[in-house]
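Enquirer: here is a sequence together with a model predicted from it:
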Amino acid sequence: MRFLKLFFLSIVMLGVFVFLLSLVFPSTAVVQRTGVIYAPMDTVYAQVSNLKAWENWNPWSRPDSTATLMYTDTVAGAGASYSWAGRINSGKVAILDSEPGKGVYYLMNIDNMRPVKGGFELKPTADGAGTVIFWHMEIKLGMLPWWKLRGFVSDRIYGPSMDAGLTKLSEICERK
């Protein structure tokens, strides 16, 4: 009996320790990547502002191979959105703001996950021959330890996919 009390007390103390440790972690996770695409800014903007074009380069445009995508009447610019429903999950992406000289900002909601605010900021390169792209995602994690732990490793989880997406986007834009 004494062993069981000690065991349960240890479990409770470990839980309290993990919770207190999680208070040190930030409540927002930010993942960002930057790249240079040797194509005109309007070519890059056409790819990032059109949700149907995302299928060609964005690693999360079809998160589940069985998912069916449903686009709204508007597929490019502010107000455009699409949703998906698949075996693994379902969700929605909506473009909140879109300006040709600046970039595109979106909100992605996936069932049972925290909402992701993201954006693509575009600037011309110093020589004017290409486009500098800054892709960022921000996830509000709240105070729960398991979400904060996921936020702590979010750059390792999402960063490689963002790198691959920027590489594909660069290949597409530079071919045009």
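Expert: All right, it came through fine. Residues are numbered from 1 along each chain as shown.

Enquirer: can you list the weak-confidence ranges in this structure?
Expert: Along the chain, segments meeting pLDDT under 70 span 62-63.

Enquirer: tell me where it has strands.
Expert: Using DSSP state E, the strands of the chain run over 28-37, 68-71, 81-85, 90-99, 103-110, 116-124, 131-140.

Enquirer: grab the nearest non-local neighbour of L96.
Expert: Y105 (5.0 Å; CB to CB, 6 or more residues apart in numbering). Any C-beta I mention is one placed from the backbone N, CA and C, and that applies to glycine too.

Enquirer: assess the claim that that neighbour and V116 are in contact.
Expert: No. Counting by CB atoms under 8 Å, Y105 sits too far from V116 to count as a contact (11.5 Å).

Enquirer: which one of the two has more residues nearby?
Expert: V116 (21 against 17; other CB atoms under 10 Å).

Enquirer: and the residue nearest to that one when sequence neighbours are not counted, how many neighbours?
Expert: Leaving aside its sequence neighbours, V116 sits nearest to M108 (CB to CB, 6+ apart; 4.4 Å). Using other CB under 10 Å, the number of residues around M108 comes to 17.

Enquirer: does M108 touch L96 like I think?
Expert: No. Under the criterion of CB under 8 Å, M108 is not in contact with L96, lying 10.6 Å apart.

Enquirer: so what's the residue lying closest to G159 once chain neighbours are set aside bridging to?
Expert: Excluding the flanking residues, the one nearest G159 by CB to CB, 6+ apart is V31, at 5.8 Å. Under DSSP bridges, the beta-bridge partners of V31 are M137.

Enquirer: who are the contact partners of T68?
Expert: Neighbour list for T68: W84, A85, G86 [criterion: CB atoms under 8 Å, 6 or more residues apart in numbering].

Enquirer: same thing with V36?
Expert: Contacts for V36 were tallied using CB under 8 Å, 6+ apart; they are T125, G130, T131, V132, I133.

Enquirer: that's all I had, so thanks and see you.
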